[in-house]
Every structure is written in structure tokens, then in C-alpha cells.
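Asks: Next come a sequence and a model predicted from it.
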Amino acid sequence: MNYTLRQLRVFRKVAEHGGFSRAGDELGLTQPAVSRAVRELEEALALRLLDRTTREVVPTAAGRRLLPKLARALDELDEVLATARKEGGQAMGSVHVASSPTLSASLMPAIIAASRARYPQLSLHLQDQVQRLNVEAVRDGAVDFGLVVEPEPGEDLEQETVLIDDFWLVCRADHRLAAPPEVAWRQLDGEPLVLLDGSSGSRPLIDQLLRRHGLDCPVAQQLGHSNSVFRMVAAGIGVSVTPGLAMPLPADCGLLAKPLSPRASRRIVLIRRRNRTLSPAAESLWRLVLDMRGELQRVAEAASRA
């Protein structure tokens, strides 16, 4: 059958008003256009729906049977479309975001607070897990988008930089590298390191930096959480190269954070599936995070200063 939604709406109005002119007035159509739409619908259905006389237009028996079901279907469709328009005009619904524990602790509180203030009808669900799982969740469509450390380039992912996060040396206050205001990378050569393990998005970047500077640093321990790394450093197991957002350092731990020279940093990025349209709510949250880039950069800088 080849009929249109417009034809169905026209038939309904003609049957309800008992005439073509009044139906046309409500629909904003001329009488010939209304008559043509009904005729085309009857031809498509191979069914007479209206009896026409010079004095009145009334539904046929088939038209009377069709009308109540059609009216319900059109009303339900209008309700669905109205809801869709409402969602498109304002951020509402659920958004699922993936983020690593460090970023969840340092950046996501500000993002969630801003989301609640700007979009109170939006429900943000945070998936807090390691980098590899976050990237997989974005690729698989399990979440709308992710806030992660810069992943390996891929044609399937779109990236937007949110902030730049510097790497720092963390050592005990009595360590030989604690005295100078900044530490050159070459001064780390031979030092045992306590690092985040391979589940961290930062670890591949740290390993690249060590290779780039030609450093031979044994890895004494590799751990899943920054707090565990700091406690190991405080116990004298080694020094650490750590991102600024992993700080502040634990209170009364006897540790210092020193800038490394030359400066090295990591990008914190939003990732989403390329060529896939986000829901209106997810798109609104994505744009909100990008609008907050300056504020989030200040959060990162404050963490390292603390």
C-alpha cells in the first residue's frame, strides 16, 4: 500500500468535521488539496471511506470502522513526536559516561555538579573503571562517551582535548632529588621507580618518556592506585613519575612533588564513536564539558600545587 501520514490525517479531519472545507481550514489546506488527499488514500487502500453528496460528507461503514483505530494511532504518534521534540529542545534522559578512578575523583565532581545545575532533568551515570575498559565501553556503545587519558589514535574514535596535565616527580623530602626546584629527566637515570601499572592510561606515556630520554630505571613496584604508589614512595621503595591529577599527596607523608624538565604532559580527552550521533542529552553534556575546559584546567593545576 502506498499511502502517506498526511492522507490519514486529512481523512480523519474530514470525517470528524463532516466536510472538506472545515477540515482544510484546520489543516491549512485548500479544499481541492483535501479532496485529492482523501481520493488518493481511497485508491491506495482500494476502499471507499467517505460518501459524498452535495449536502454532506459522511464515513462509509468501512470508514467508521477505521476512524477510531486511526485516531488512536495518530494521537499516540503525535505524543511520541512531541516527546522527541521536547528531548531535542532540552537535555533530558540518561547519559552514561566512562571515566578512570583518578579522573572520576578529580574532574567528574565538578562536571556532575555543573550538569545538575544546567540540566536538572538529565541523569548522569558514571562508569568508573580502568582506561582499557573505558575505551572498550565507548567502542562497544555501552556508554555514550568517555573522559580518558589520550588513547592510541584510531579511526573509529573522535577525540576532543579537555585539558593538559603535567607529569611530576614524587620523592621523599630526604631524597637527593628533593633539593632542586625542578628535576631534569636525566637525573632519574638509575633510580628505582614506583609506577601505576599497565591498566592506567598514563603508564604507556610514562614508558615512552623514559625511553625518549634514554633512562634506565628499574620498576620496583607497579600498582593500580596512585595512593598506593605514594605510600610505597614514602616507604623508600623508589621515586615516582605521576600525573598532576593524581595529587594532592597524602597529608603528613613526607613527600614532595617536583616539576620535571623539560616539561612533559598528557592530554585528558573526551572520546566518542566517530560518525555516530549522540542523543540530545549526551550531546548537551559533551558540550558542557567542553565549555568547562578552562575551569577543569584550573582544577588540574590546583591539584598539583596542593
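Replies: Perfect, I can see it now.

Asks: what's the next secondary structure element after whichever strand or helix holds R64?
Replies: Using DSSP states H and E, R64 sits within helix 61-89. Going down the chain from helix 61-89, the next helix or strand is strand 93-99, by DSSP H and E.

Asks: Restrict that next one to CA atoms and write it as PDB.
Replies: C-alpha atoms of strand 93-99 as PDB (Å, rounded to 0.1, in the frame of the first residue of the first chain):
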ATOM      1  CA  GLY A  93      17.100  11.500  29.900                       C
ATOM      2  CA  SER A  94      20.100   9.300  30.900                       C
ATOM      3  CA  VAL A  95      23.700   9.700  29.800                       C
ATOM      4  CA  HIS A  96      26.400   7.100  30.500                       C
ATOM      5  CA  VAL A  97      29.900   8.300  30.800                       C
ATOM      6  CA  ALA A  98      33.100   6.200  31.300                       C
ATOM      7  CA  SER A  99      36.000   7.600  33.400                       C
END
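
Asks: ok, then the element right after it?
Replies: Immediately after strand 93-99, counting by DSSP H and E, sits helix 101-106.

Asks: which helices and strands does that next one pack with?
Replies: Packed against helix 101-106 by the contact rule (3 or more C-beta pairs under 8 Å, 6 or more residues apart in numbering; DSSP states H and E) you find strand 122-128, strand 145-149, helix 293-305. Every residue, glycine included, has its C-beta placed from N, CA and C.

Asks: Would you mind writing the CA trace of that helix as PDB?
Replies: Provided in PDB are the C-alpha atoms of helix 101-106 (Å, rounded to 0.1, in the frame of the first residue of the first chain):
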ATOM      1  CA  PRO A 101      39.300   6.500  39.000                       C
ATOM      2  CA  THR A 102      41.700   9.400  39.000                       C
ATOM      3  CA  LEU A 103      39.600  11.400  36.600                       C
ATOM      4  CA  SER A 104      36.400  10.400  38.400                       C
ATOM      5  CA  ALA A 105      37.800  11.700  41.700                       C
ATOM      6  CA  SER A 106      39.400  14.900  40.300                       C
END
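
Asks: Distance from the next helix or strand after it to the middle of the chain?
Replies: Downstream of helix 101-106, the next assigned helix or strand under DSSP H and E is helix 108-118. On the basis of C-alpha atoms, centre = their mean, to the nearest Å, the separation between the geometric centre of helix 108-118 and that of its chain is 13 Å.

Asks: Name the residues of helix 108-118 that are buried.
Replies: 108, 111, 114-115 (16 or more other C-beta atoms under 10 Å).

Asks: any chance of the helices and strands packed on helix 101-106 in JSON lines, plus distance to S94, mean neighbour count and mean pLDDT?
Replies: Output for these, formatted as JSON lines (distance: least, C-beta to C-beta, whole Å; neighbours: other C-beta atoms under 10 Å; pLDDT from 0 to 100):
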{"stretch": "strand 122-128", "distance to S94": "5", "mean neighbour count": "16", "mean pLDDT": "94"}
{"stretch": "strand 145-149", "distance to S94": "13", "mean neighbour count": "25", "mean pLDDT": "96"}
{"stretch": "helix 293-305", "distance to S94": "23", "mean neighbour count": "16", "mean pLDDT": "88"}
